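Chemist: show me how the following folds:
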Amino acid sequence: PSISPSAIALYRGKKPQKWDGNIFVACLSGMHIRRLVLSDRKVVKEEELLKSLNYRFRNIRVGRDENLYFSTDSGVIGRLILAPHSGN
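Modeler: Numbers count the residues shown, from 1 in each chain. As a prediction, this is how the structure comes out:
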């Protein structure tokens, strides 16, 4: 099934450091943000983020402040943060 990617962002930053070099994909029909972890230019892990919100994610960008920002078809604009207890 297609996730209908609508935007892609390569994260280069330190908020958080563990996301440095990861790719984030905004998904319309998949209704989540997909994080792709790369190693030697290959995807070695995938994670679906914010799926429980049931939003169609339209855009994702890295801000000048090194935070990830997203927008949805319904006009929601938000910032993606790593939860303190998350191991990812």
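
Chemist: gap between the residue located most distally from the centre of the chain and Gly13?
Modeler: For the chain, the largest distance from the centre (C-alpha atoms, centre = their mean) belongs to Asp40, which lies 20.0 Å off. Distance of Asp40 to Gly13, computed by C-beta to C-beta, to the nearest Å: 21 Å. Placement of C-beta: from N, CA and C, glycine included.

Chemist: check the offset of whatever helix or strand Ile8 lives in from the chain's centre.
Modeler: Element membership for Ile8 (DSSP states H and E) is strand 5-10. Distance, stretch centre to chain centre, for strand 5-10: 8 Å (C-alpha atoms, centre = their mean, to the nearest Å).

Chemist: got it, and stretch 25-37?
Modeler: Worked out by C-alpha atoms, centre = their mean, stretch 25-37 lies 6 Å from the chain centre.

Chemist: pLDDT value on the residue nearest the centre of the chain, please?
Modeler: Taking C-alpha atoms, centre = their mean as the criterion, Phe24 is the residue nearest the geometric centre of the chain, at 3.6 Å. pLDDT, Phe24: 97.
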